[in-house]
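# sequence and predicted structure are below.
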Amino acid sequence: MVSQEQRRRQLAREKFLRQQQRRTQARRKAAVRNSVIASVLGVVVIGSVALYTTGVLKNDDKKANTAADVTPSATPTSKAPDPCAKPAAGSAKKLSWKKEPAMAIDTSAKYSMKLATTCGDIDIALKTAAAPHTVNSFNFLAGQGYFDHTKCHRLTTTGIYVLQCGDPQGTGMGGPGYTLPDENLKDKSLKGNTYPAGTVAMANTGQKHTGGSQFFLVYKDSPLPPSYTPFGTVSEAGMKVLQKIAAAGAQAADPTSGNTAPNATVVINKATVAKS
């Protein structure tokens, strides 16, 4: 016959075994649950990384298409033979002024600008009446020899299609020391947020009224918002020169400035503005 003490010990042992069994089962369930959570988190992390990477690439593309100070990036193209001649002897001047030059042109007259470059002459009909401040500034700067011996430092070959010039530093950071007001932003040629081939317009920082001396020449219709003063149109012969420069392609982006320099050696030997 089992005594009460033995029965009590047996019940206690069975209770202990049941507790141990429940704990073991709980640990197993926890292990399975944690494994599932880890798997889910792994998928989420991988998905997040993929989405983040995709987002970055899309943002980079947007930046490439919209930064027209002009700052669009260009995909480097295979290097072709340099179609341009050696630059004339001389170096760019380091000139700066504190304020915009006083108006010295006849705003009712026609003016033209000639860029005698190493790749050929680029003649530009200036929009004097529509952009008087800009044309007056170019007349002043050209008279000072500001553009002479300066390199066109940027060529974009994807997104937008422009050759950018006008910086004596050749880095995209230079300027005359003063800024110009935006002008002619409702030019009838700017339809559908597009700057048509042949347009010559001011570069800026992306903010209003920040044009200086840098300008860009459009060699193929380019999608851009009307934020950059259009002040000239390239002649037919000048377009052939631009096309020749573009056909030579662009270099990889400079890691410091981000500029994609043309493979062609494009230097403005002499810039002149004349009343016609």
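Yep, it's here.
# what is the end-to-end distance of stretch 161-177?
End-to-end span of stretch 161-177 (Cα to Cα, to the nearest Å): 27 Å.
# now do the helices in the chain.
In the chain, the helices defined using DSSP state H lie at 4-66, 132-143, 236-247.
# isn't V200 up against T229?
No. With contacts counted by Cβ atoms under 8 Å, V200 stays clear of T229, the gap being 9.6 Å. Using the backbone N, CA and C atoms, a C-beta is placed for each residue, glycine as well.
# low pLDDT regions in the stretch 1-150 of the chain?
Filtered on pLDDT under 70, the stretch 1-150 of the chain yields the residue ranges 1-80.
# who's T272 bridged to?
Following DSSP bridges, T272 is listed with bridge partners K114.
# start the count at 551 instead of 1 going forward.
Sure, I'll start numbering at 551, so the last one becomes T822.
# can you pull the contacts of it?
M663, K664, A666, A692 (Cβ atoms under 8 Å, 6 or more residues apart in numbering).
# repeat the analysis, applying 10 Å as the threshold.
Applying Cβ atoms under 10 Å, 6 or more residues apart in numbering to T822 gives the contacts S662, M663, K664, L665, A666, N689, A692, G693, F697, D698.
# any of the residues you listed buried? List them.
Applying 16 or more other Cβ atoms under 10 Å to these, the neighbour count classes S662, M663, K664, L665, A666, N689, A692, F697, D698 as buried.
# now those residues in TSV, with distance to L676?
As requested, the buried ones among the contacts of T822 are arranged in TSV below (distance: Cβ to Cβ, whole Å):
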residue	distance to L676
S662	6
M663	6
K664	11
L665	12
A666	16
N689	9
A692	11
F697	14
D698	18
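# G709: which of the residues you listed is nearest?
For those, the residue nearest G709 by Cβ to Cβ is L665; the value is 24.2 Å.
# so how far is G722 from the closest one?
Distance, L665 to G722, by Cβ to Cβ, to the nearest Å: 18 Å.
# also K636?
On the measure of Cβ to Cβ, K636 and G722 end up 23 Å apart.
# if you count what's nearby, which of those two comes out ahead?
G722 (19 against 9; other Cβ atoms under 10 Å).
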